[in-house]
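Colleague: Structure, please.
(chains A and B)
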There are 2 protein chains.
Amino acid sequence: MTLLDRPLADLLSAFSDPTPTPGGGSASALAAALGLSLVAMVAQMGRTRAGSDQDRAALDHAKAALLPLRNHVSALVEDDAKAYDAVVAAYRLPKATDEEKAARKVAVQSALRGAAEVPLDVMRACQAGLTAAIDVARHGNPSASSDVGVALELLSAGLRGAALNVHANLGSIDERGWVDGVRSEVEKLEAAAPLLAADARSALGT
Amino acid sequence: MTLLDRPLADLLSAFSDPTPTPGGGSASALAAALGLSLVAMVAQMGRTRAGSDQDRAALDHAKAALLPLRNHVSALVEDDAKAYDAVVAAYRLPKATDEEKAARKVAVQSALRGAAEVPLDVMRACQAGLTAAIDVARHGNPSASSDVGVALELLSAGLRGAALNVHANLGSIDERGWVDGVRSEVEKLEAAAPLLAADARSALGT
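Modeller: Here you go, the predicted structure:
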């Protein structure tokens, strides 16, 4: 049974159990999925800011981006746990001979990259969600502004939480060029997020 | 079927559907429950910071507070949706006669207070979670520091998101003394949260 199939009460127990997965990476993906869902909810409401065709078109456009993004990031809740399990499995490979040592090293490096890429993808989805939230704040139902406000908190928390999980894996990856590229992207995503959230809050009028 | 019984994928669809509930209030409670679960996970790990009896005792103490708190706030995911539904139902009461108007007014005021009290309770649980996270950061497994870091993001987001939902209800409540008391508590909770999170981050060494 995947994490997406588990009832919420069971899922929360899985997060509190002292087993390696699911952990903070999956929780960050879940926060992102929840934030994207709330923005999609407001985009789909019948009531818009001014009731204009322009409002409706902007919200329909946002919805078309948000729902596939939400489904993608929902799958990352499970993918993050699998990626971490793969790191643990790679570290457990035999290392008695030189051949085994070399094969283990390749497997560990590959698994660590996978475990860094999943939260990096969560960060990108949070940025896309924050960008869409600006339009939804501008054109959406004003009485749902607290829902958009909660979504901004969740997308920002998901992005920063995912950044912690990217960094937790980068430290053990050997390929400097790849690591530097990821670190630079993470920095840009972290720097942009509060500006996007501020734009959305300003569009909400809060 | 309550929200706690729903599989995660269905739950996320419920959050994105353009129906009044579940909305931002339930999402804030869910973020809080997720954050509390991650702190409880680290508190229950076999490995502690220094492997001392003092570490174990502090983590056991934190765990004993965290798991009941997580269960309490999980129930608030459902309670928030019910409280909002009660507000909608009260506004729909008949208002043809003076008696009906008076009865409707009492019902609306009572429902609005209920809808403000649930997110206020979420805020208190987030504060308790942030406080427990300081001890878990100080005494817990250093290799789980990103899990504690994600929990700090989720508890902070849950607290601020819940504050938006308290305020959304306060504006229509007539009893000034009650409103002022709640507003003052919300301000204190919002002011304390970043300080508690900073203490926890400092204990993590991040």
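Colleague: What mean pLDDT does the lengthiest helix in chain A get?
Modeller: In chain A, taking DSSP state H as the definition, the longest helix is helix A:98-139. With pLDDT averaged residue by residue, helix A:98-139 scores 98.
Colleague: right, and the helix or strand after it?
Modeller: helix A:145-170 (DSSP states H and E).
Colleague: Any part of that following helix near chain B?
Modeller: Yes - if you take C-beta under 8 Å from any C-beta of the partner chain as the test, helix A:145-170 does meet chain B, through A:146-151, A:153-154, A:156-158, A:160-161, A:164-165, A:167-168. Just so you know, the C-beta spots here come from the backbone N, C-alpha and C atoms, and that holds for glycine as well.
Colleague: continuing past that helix, what's the next helix or strand?
Modeller: helix A:176-204.
Colleague: That following helix: which residues count as buried?
Modeller: Buried residues in helix A:176-204, counted by 16 or more other C-beta atoms under 10 Å in any protein chain shown: A:179, A:182, A:186, A:189-190, A:193, A:196-197, A:199-201, A:203-204.
Colleague: Also near chain B: which of the residues you listed, exactly?
Modeller: Within those, nothing lies near chain B by C-beta under 8 Å from any C-beta.
Colleague: possible to save those as CSV with pLDDT?
Modeller: Below are these laid out as CSV (pLDDT from 0 to 100):
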residue, pLDDT
A:179, 98
A:182, 98
A:186, 98
A:189, 98
A:190, 98
A:193, 98
A:196, 98
A:197, 98
A:199, 98
A:200, 98
A:201, 98
A:203, 97
A:204, 95
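Colleague: Write the ChimeraX selection for whichever of the residues of helix A:145-170 next to chain B are buried.
Modeller: Per 16+ other C-beta under 10 Å, the buried members of these correspond to this ChimeraX selection:
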select /A:146,147,148,149,150,151,153,154,156,157,158,160,161,164,165,167,168
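Colleague: what about residue A:107, how many neighbours?
Modeller: Counted by other C-beta atoms under 10 Å in any protein chain shown, the residues lying close to residue A:107 total 17.
Colleague: can you tell me which residues contact it?
Modeller: Residue A:107 makes contact with A:90, A:93 under the criterion C-beta atoms under 8 Å, 6 or more residues apart in numbering or on different chains.
Colleague: With residue A:86 as the reference, measure out to it.
Modeller: Per C-beta to C-beta, to the nearest Å, residue A:107 is found 9 Å from residue A:86.
Colleague: again with residue A:4
Modeller: Taking C-beta to C-beta, one finds residue A:4 at 19 Å from residue A:86.
Colleague: cool, residue A:34 as well?
Modeller: Computed with C-beta to C-beta, the distance linking residue A:34 and residue A:86 is 26 Å.
Colleague: Who has more neighbours out of those two?
Modeller: residue A:34 (31 against 17).
Colleague: from memory that one sits against residue B:13, does it?
Modeller: No - using C-beta atoms under 8 Å, residue A:34 is not in contact with residue B:13, being 11.7 Å away.
Colleague: Find the centremost residue of chain A, please.
Modeller: residue A:122 (2.5 Å; C-alpha atoms, centre = their mean).
Colleague: Would you enumerate the residues in contact with it?
Modeller: Counted by C-beta under 8 Å, 6+ apart, residue A:122 has contacts A:25, A:28-29, A:32, A:73, A:76, A:80, A:158-159, A:162.
Colleague: Same check on residue A:33?
Modeller: A:70, A:73-74, A:77, B:12.
Colleague: List just the nearest of those residues to residue A:64.
Modeller: residue A:70 (11.8 Å; C-beta to C-beta).
Colleague: Please report the distance of residue A:170 from residue A:186.
Modeller: Residue A:170 is 8 Å from residue A:186, by C-beta to C-beta.
Colleague: which one in chain A is furthest away from the centre?
Modeller: residue A:97 (39.5 Å).
Colleague: Ramachandran coordinates for it?
Modeller: With angles defined as degrees, to the nearest 10, residue A:97 sits at phi -110, psi 170.
Colleague: element containing residue A:50, please.
Modeller: With DSSP H and E as the test, residue A:50 turns up in no helix or strand.
Colleague: which parts of stretch A:131-149 are buried?
Modeller: For stretch A:131-149, using 16+ other C-beta under 10 Å, the buried residues are A:131-141, A:144-149.
Colleague: scratch that, stretch A:61-81
Modeller: A:62-63, A:65-67, A:69-81.
Colleague: Keep only those that also lie close to chain B.
Modeller: Okay, of the buried residues of stretch A:61-81 touching chain B (C-beta under 8 Å from any C-beta), that's A:66-67, A:70, A:74, A:77.
Colleague: Of those, which is the nearest to residue A:8?
Modeller: residue A:77 (12.4 Å).
Colleague: With that, I have no additional questions.
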